[in-house]
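>>> my questions concern the predicted model and sequence given below.
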Amino acid sequence: MLTTSKEMLQQAAANGYAVPAINTQGGNYDIIWAVCKAAEDLGSPIMLAHYVSTGAYSGHDWFVNVCKWCASKVSVPVAIHLDHGDGFDICMEALKLGFTSLMIDGSTKPVEENAAMTNEVLKVAKCFDVPVEAEIGELLRLDNMGTVMENKNIVDPEEVRRFLSLCQPDSLAIGIGNAHGYYKGEPDIHLEVLEAVRKFTDIPLVLHGCTGMKEEIIKDAIKLGVAKINFGTEIRYKYVEHYEEGLKTMNHQGHSWKLSQFANEKLQEDVRKIIRLAGSEGRVK
């Protein structure tokens, strides 16, 4: 059931849970179908997220078409989300292709420039009734070894206030010490930033970089208004691990579809765990 992310995030924020956004590795059918099936099984809204870089192999149009097909086979709300769109052009391309949720990421820029970029996308996206996520406080990226993280991305709540006085996105990702990739040790997550932001806005908040974060931290963040939690690194590594397990343990006879089915079914349980963590199980009646 293809839909936008606007209503699902509003409902999540109002009712104290979050919607999982799962990175799908550029249109990988096994991953997309596993996410949709897990969401269907548990009655959860879901977001299929897409990085521009991971679409280089399959093509952005391929990703959208696979997502649309999978969404048409389940009865729960499914949104197709552009994650970390870094400019106006890629957001417009996503709109034309049929994405139902956009993120414009101007977090590397000063607040005023970030807001101006966000407004530029908002103006057009509203004509398509497609919601827009913005970000303030640049997320760090970690390598596979989880290099030591410096919390340069912890945003000042007053900067968030200033940003929201200049633009009004439909949801907002805020840097609180989180990062993309595997953390080395325990990440220093500053939930007090979310608490301070909650005092002056009820906008649905977004938490990126959830792989490796303590479940208690994620649950506390949801209580403070996080309505969307993003998982990418965990899913892509789990998928490869399941595929490798199939290669070693199955009598696959060289049939790639048997390996894909094995990995898909294994991955569904990983997604179910994320859905339960988000508190979104059973939210679709």
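Now that the structure is in, tell me what you want to look at.
>>> output the below-cut-off pLDDT ranges for this protein.
Residue ranges of the chain with pLDDT under 70: 138-152, 180-185.
>>> quick one, helices of it?
Secondary structure of the chain, counting by DSSP state H: helices at 6-15, 29-42, 55-58, 60-72, 88-97, 111-125, 157-166, 191-198, 215-223, 233-249, 256-278.
>>> and the shortest one, what's buried?
If you call a residue buried by 16 or more other CB atoms under 10 Å, then helix 55-58 has these buried ones: 55, 58. Placement of C-beta: from N, CA and C, glycine included.
>>> next: stretch 81-91.
In stretch 81-91, counting by 16+ other CB under 10 Å, buried: 81-85, 90-91.
>>> what's in contact with that stretch?
Stretch 81-91 is contacted from outside by 5, 21, 23, 47-52, 94, 99-105, 117, 120-121, 124-125, 133, 135, 230, 232, using CB atoms under 8 Å, 6 or more residues apart in numbering.
>>> PyMOL command to pick out the buried ones of those residues?
The following PyMOL line selects those of the contacts of stretch 81-91 that are buried, judged by 16+ other CB under 10 Å:
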select buried, resi 5+21+23+47+48+49+50+51+52+94+99+100+101+102+103+104+105+117+120+121+125+133+135+230+232
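>>> what about the contacts of stretch 81-91, which are in strands?
21, 23, 47-51, 101-104, 133, 135, 230 (DSSP state E).
>>> redo those as JSON lines? Include distance to Ile32.
Shown next, in JSON lines, are these (distance: CB to CB, whole Å):
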{"residue": "Ala21", "distance to Ile32": "13"}
{"residue": "Asn23", "distance to Ile32": "10"}
{"residue": "Met47", "distance to Ile32": "11"}
{"residue": "Leu48", "distance to Ile32": "6"}
{"residue": "Ala49", "distance to Ile32": "10"}
{"residue": "His50", "distance to Ile32": "10"}
{"residue": "Tyr51", "distance to Ile32": "14"}
{"residue": "Ser101", "distance to Ile32": "15"}
{"residue": "Leu102", "distance to Ile32": "18"}
{"residue": "Met103", "distance to Ile32": "18"}
{"residue": "Ile104", "distance to Ile32": "23"}
{"residue": "Glu133", "distance to Ile32": "20"}
{"residue": "Glu135", "distance to Ile32": "24"}
{"residue": "Asn230", "distance to Ile32": "16"}
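>>> what is the nearest of those to Cys67?
Among these, Leu48 lies closest to Cys67 (CB to CB), at 4.9 Å.
>>> okay, and the beta partners of the closest one?
Bridge pairing for Leu48 (DSSP bridges) gives the partners Ile22, Ile80.
>>> you'd agree it is up against Ile32?
Yes. Between Leu48 and Ile32 there is a contact at 5.9 Å, judged by CB atoms under 8 Å.
>>> which neighbours do the two share?
Common contacts of Leu48 and Ile32 (CB under 8 Å, 6+ apart): 24, 67, 70.
>>> out of these, who's the most crowded?
Top of the shared contacts of Leu48 and Ile32 by neighbour number is Thr24, holding 34 neighbours under the definition other CB atoms under 10 Å.
>>> got a list of what that one touches?
31-32, 35, 48-50, 63, 67.
>>> look up how far Lys219 lies from it.
24 Å (CB to CB, to the nearest Å).
>>> now the shared contacts of Leu48 and Ile32 in JSON lines, please, with extra columns for distance to Arg162.
Below are the shared contacts of Leu48 and Ile32 laid out as JSON lines (distance: CB to CB, whole Å):
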{"residue": "Thr24", "distance to Arg162": "34"}
{"residue": "Cys67", "distance to Arg162": "35"}
{"residue": "Cys70", "distance to Arg162": "40"}
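>>> and which of the residues you listed is nearest Gly225?
For those, with Gly225 as the reference and CB to CB as the criterion, the closest is Thr24, at 25.8 Å.
>>> which positions in stretch 9-25 come out as buried?
So for stretch 9-25, counting by 16+ other CB under 10 Å, buried means 9-13, 17-25.
>>> out of those residues, the closest to Ile176 would be?
Ala18 (14.7 Å).
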